[in-house]
Structures are given as C-alpha cells and as structure tokens.
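# Model the structure of this input:
(2 chains)
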There are 2 protein chains.
Amino acid sequence: METVSENRSFGGTQGVYRHASKATGGEMTFGLFLPDEAHFGPVPLLWYLSGLTCTHENAMVKAGAQAHAAAHGIALVFPDTSPRGEDVADDEAYDLGQGAGFYIDATEAPWAPHFKMESYILGDLTEALFDNFALDQEAQSITGHSMGGHGALTLAAKDGRFKSVSAFSPICNPTESDWGKKQFEAYLGSVHAGEGHDATCLVREGALEAPVLIDTGTDDQFGDLLKTEALAQALAERRMEATVRMQKGYDHSYFFVSTFIEDHIEFHAEALYS
Amino acid sequence: METVSENRSFGGTQGVYRHASKATGGEMTFGLFLPDEAHFGPVPLLWYLSGLTCTHENAMVKAGAQAHAAAHGIALVFPDTSPRGEDVADDEAYDLGQGAGFYIDATEAPWAPHFKMESYILGDLTEALFDNFALDQEAQSITGHSMGGHGALTLAAKDGRFKSVSAFSPICNPTESDWGKKQFEAYLGSVHAGEGHDATCLVREGALEAPVLIDTGTDDQFGDLLKTEALAQALAERRMEATVRMQKGYDHSYFFVSTFIEDHIEFHAEALYS
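Numbers count the residues shown, from 1 in each chain, chains lettered A, B, ... in the order given. From the prediction side, this is the model:
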C-alpha cells in the first residue's frame, strides 16, 4: 500500500492511500481519517460512499466529517466511486462508467472486467483497511450521498456487519428511476437484475436489519430521481427502526451534507459504541 | 449584482454573487454566507481572505466555517484573490498575477490597470455588501489564510473598522520572504515600497490596534516563507493583545484551517458582540 498524502486534521490524520485491487483489476485510491485514539488501539469505522462524478476526495474535503468523527473517536473511510484508468471502460455520460460504479459488480461487456465495486468495498478494501490500520472489525457503520446513499443502503442490506446505515439524498428506488435503469441495463443486462441492488426492493424483502437515518432536501434539484417516497413507505410498512427527514429548503449539494453530517455521525456513534 | 448560486447551509444561505468593480475594472465574484438571523436585521460580518491560487470558492467549500458562523449568527464573505479575465495581466508563476493579488494596489505595468485588490476589498466590495445585504457595518472582523492572512493583518492595520483580526499560516514579513519580495517588485516597483504592506513592519510602527490570533503549523511545508518569528517578536515587543500558536504536526492545508476555524470564529464573535 502506497501513502499518497497524510495531513494532520482535528488531532488525527487524514490520509490518502493507493493499493492494488483484484476485484477491479487495477489500482484504487481511498481516503482514511484516523482519529488520535487509533494510536492506542482499534477504533470504530464509518464508511462514506460518494455520489456520481466524485472521487475519494470530494467528501474528504467538503463534508466536514472529520470534526465530528474526531469528537467520537471514529475513523472514516472515503472509497473511490469506480475503477479508473485508460484501460478501464468509460462513457461520455456523467452517470455511467468511471465515477459512476453504483456499488455493484457488473456482469456485462464492456464493464465486467473492472466494474466490481461491491466486491471491492466488501472484499479488497475491507481487507486492506483491517490489515493496515488500527480499526475495530466489530464496529462498522456506513453512510453515503446520492449514488453513495444507494450504495450504503444496499450494501448494509447485503452485509450484516454494519451496525447502522444512513444516507444523504440517496437514490432510493433505482429500478424505477433514470438514475438506475440505464445503469442496471448496462452493468447487469436488465433493470430486473437490479432489483437485488435497490434499497426499496431490499427493504420490502426484509433484507435490511440495521437502523436507518435518511436526510433529503425539500428543494433537491434531483428529487424526482431519488424516489424517497418509495423507500419511506417501505420502511414504515416493515415497521423498521428508521428516520426519514425531509429538510426544508436544502438541495443536493455538499452544503446540505455538511449541515447534517454531525447528526449522522452521532447516530452512528450510538450504534457503534453500544 | 448577479446571483450565481444560492444553497441552503446550516440554516442560512451560502450565496455566490458577481458584480462590477471600478477598482479592478471588471467583474468580480464573491461568496457570502448569511446566517438565518439576517432575516430579522443586520448581522456581524467576518471577512475571510484566501491564499495563493484560490478563488472565492476554496474556503467556502473546504474550511467548514459556516457551521460556526451560523452558531454565532455571523455572516462570512469570501472575496476572490485577484482580478480575472483574458484582458487582465497574468504570469506563468502560481504566485504572481491572477490568483495572487496580495491585497495591494499595483502601481506598475502591466499590473496597475486591474490589480487593485486593497481598493476592491475596502471600497467596492464593502459598498456592494452593505448596499445589498443585512450586514452590520459597525461589527466587522477579518481573517485569512497564507497570502490571505497577510491580507487580513495588513488591511486591519490600515482600516480601523475591524474589531479583531486572525490568520492561519499568514505570510508575516513579506519584505523578507520570497513570498513578497518578487510580488512587491512587480506590483509596486520595489521591495521597499512593500513595507507599508508588511504585517511585521506595520506592527513595529504601531499601526495595528485590533486583537490578534494567529495559528501556524509546526510542520508547515512553507514555514520558512512565512516568517512567523518576526511577527511574533514584533507583537510581543509592542505588548499587543495577541496570541500566536504553533500547532504541533499541522501543515499548510485546509485540513489545518478547518481544524481551528471554530476557535477563530469564537475569537471574532467575542470582539464582534462586545
């Protein structure tokens, strides 16, 4: 593992690291914030999955998460949103290909060789993190923004390791949205194949156990694509421990995420330390 | 004045606006965070001057200042660091020309026609702000980072309106630094002419009255260019109300600024509300 940079931040260290991934068949870059407490032993880990067009860097510099993670002694990992490189397939659209991995394992050409973000997150990156840093494997939670909110909810439904899951303006029902249908057709061969990667479908099937917190802005410019109403209905129908907040006047930007990141980290801290 | 964007942030509004400036002879862009309290009447204003290569945007998205400004009901203005445009002189170096205005009024060719950042900040931008927004002209303070820290300290020495001044890793003694000598020669015709724009020289002359807070990292990669020691000495010699903190392990980045921005806003809030 190569250290790209390390900066002191809120008494801890904000690092950027590069490592080889078998799943994606190439080099991957991620950000990791380690609070001061990691010097003394393993600390809880909160995963932050980013949205369309983002790299590992956007949330790391714009969400303001480190202040609150440091206050609770929690580490933060910021994975990239797709494989990258000249040998990796891409598309001219901002919402397909590089920067738009959707946290699934593609089965179709030309995507299948590298676009294995589910396996990367749950496998290779997990292994790299726990092999190299003082992190507590028994204390993990997950959050994300937009496409990353979809990733957080769906990966939490597939992997019981996450004690809690939250999301900022997540894509809630991608099989019914233009942020989802095109991507499932391209990566998986059909929209139908995407149902196993759709938070609303998964909740309806009873696949998600972790407590849920969702924040979405009432003035989200992509509100129609998110289908928050479908997931809100499914969560309530299942009588799940879940909070869905529509935040007045907020949009889809990092100005929204940074406003509510403190609430999300407190929500996860409660689950991680219980 | 043109509204470029407005995003809800921490209960207030993070706006970006464009306006014509006589001083710089062109269009200028700035960010303004207005807390919720501005709906009910004028609020205090904290100026944030940015460093080399920055636009109005860097601190606005990376410093995490809005959370703490909102908590204290304080507005934040993020000016650009120079005039911009194809008709504006520039240099290939990152530290001269566009993105490197040094908060002074150039007298020399080719810079003199547009590089009037001191007049822009203290004149045109001030006027635009108080004409268009609910801001309290009697409650202003100023901060900045690196070149912007130099700007904050020197403009506070020239203009008694600022109740307090702080800086993150400021250029403290530019007439003795490679971040200063080249620029004063280019913009003003000589290093000597820069003494009126050098925080250490100004403090020695007794020009600064406002209380001072300075934070600089012990691991600042540009530490030798900042000359913190010269200003620390001058402040102590004058028995000024000043705090200079060398922060262990921190560097010159926004990871440093965001770590201590809460302290700075609390420092200014005390002056602004007294």
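
# Roughly how far does residue A:240 sit from chain B?
28 Å (C-beta to the nearest C-beta, to the nearest Å). C-beta: built from backbone N, CA, C; applies to glycine.

# my bad, should have said residue A:44
To chain B, residue A:44 is 21 Å away according to C-beta to the nearest C-beta.

# Okay, and that residue sits in which element?
strand A:43-49 (DSSP states H and E).

# Make sure residue A:217 is actually in contact with residue A:250.
Yes - here residue A:217 reaches residue A:250: they are 3.1 Å apart, a contact under C-beta atoms under 8 Å.

# These two: which is more packed in?
Neighbour count, other C-beta atoms under 10 Å in any protein chain shown: between residue A:217 and residue A:250, residue A:217 has more, with 27 against 24.

# ok, back up a step: joint contacts of residue A:217 and residue A:250?
A:256, B:8 (C-beta atoms under 8 Å, 6 or more residues apart in numbering or on different chains).

# List the residues that contact residue A:13.
Here residue A:13 is in contact with A:6-7, A:33-34 (C-beta under 8 Å, 6+ apart).

# among these, which are in reach of chain B?
Contacts with chain B within these, as defined by C-beta under 8 Å from any C-beta of the partner chain: residue A:7.

# packing partners for the strand holding residue A:44?
Strand A:43-49 makes packing contacts with strand A:75-79, strand A:135-144, helix A:147-158, helix A:254-272 when contacts are defined by 3 or more C-beta pairs under 8 Å, 6 or more residues apart in numbering or on different chains; DSSP states H and E.

# Mind listing the strands it pairs with, and their directions?
Using DSSP bridges, the strands paired with strand A:43-49 are strand A:75-79 (parallel), strand A:135-144 (parallel).

# Let me know which of these is tucked in deepest.
Most buried of the strands paired with strand A:43-49 by mean neighbour count (mean count of other C-beta atoms under 10 Å in any protein chain shown) is strand A:75-79; its value is a mean of 26.

# now the angle between helix A:147-158 and it, please.
110 degrees (axes from the mean of the first three to the mean of the last three C-alpha atoms, to 10 degrees).

# give the contact list for the residue lying closest to residue A:54 once chain neighbours are set aside.
Among residues not flanking residue A:54 along the chain, residue A:81 sits closest, at 5.3 Å (C-beta to C-beta, 6 or more residues apart in numbering or on different chains). Taking C-beta under 8 Å, 6+ apart, we find residue A:81 in contact with A:49-55, A:99-101, A:117, A:147-148.

# let's go with 7 Å and repeat that
Residue A:81 sits next to A:50, A:54-55, A:99-101 when contact means C-beta atoms under 7 Å, 6 or more residues apart in numbering or on different chains.

# now the residues you listed as TSV including neighbour count?
Output for the contacts of residue A:81, formatted as TSV (neighbours: other C-beta atoms under 10 Å in any protein chain shown):
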residue	neighbour count
A:50	28
A:54	23
A:55	19
A:99	20
A:100	25
A:101	31
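
# With residue B:258 as the reference, measure out to the residue of the stretch 51-200 of chain A found nearest chain B.
In the stretch 51-200 of chain A, no residue comes nearer to chain B than residue A:64, which is 4.2 Å away by C-beta to the nearest C-beta. Distance of residue A:64 to residue B:258, computed by C-beta to C-beta, to the nearest Å: 7 Å.

# Name whatever forms a beta bridge with the spatially most central residue of chain A.
The residue lying closest to the centre of chain A (C-alpha atoms, centre = their mean) is residue A:49, at 2.2 Å. On the basis of DSSP bridges, residue A:49 is bridged to residue A:144.

# if we can go back for a sec, now the strand holding residue A:44: mean pLDDT?
For strand A:43-49, mean pLDDT is 98.

# Alpha carbons of that strand, as CSV, please.
What follows is strand A:43-49, C-alpha atoms only, in CSV (Å, rounded to 0.1, in the frame of the first residue of the first chain):
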residue,chain,number,x,y,z
VAL,A,43,-11.3,2.3,16.6
PRO,A,44,-14.8,2.1,15.0
LEU,A,45,-15.0,2.7,11.3
LEU,A,46,-17.7,4.7,9.4
TRP,A,47,-17.7,4.1,5.6
TYR,A,48,-18.7,7.1,3.5
LEU,A,49,-19.7,6.2,-0.1
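
# so it versus helix A:254-272, what angle?
Using the same axes, to 10 degrees: strand A:43-49 against helix A:254-272 is 140 degrees.

# Which helix or strand lies directly C-terminal to strand A:43-49?
helix A:57-62.

# Flag every buried residue along that following helix.
A:58-62 (16 or more other C-beta atoms under 10 Å in any protein chain shown).

# try stretch A:163-181
A:163-175, A:177, A:179-180.

# what do you get for stretch A:223-234?
With burial defined by 16+ other C-beta under 10 Å, the residues of stretch A:223-234 counted as buried are A:223, A:225-228, A:230-234.
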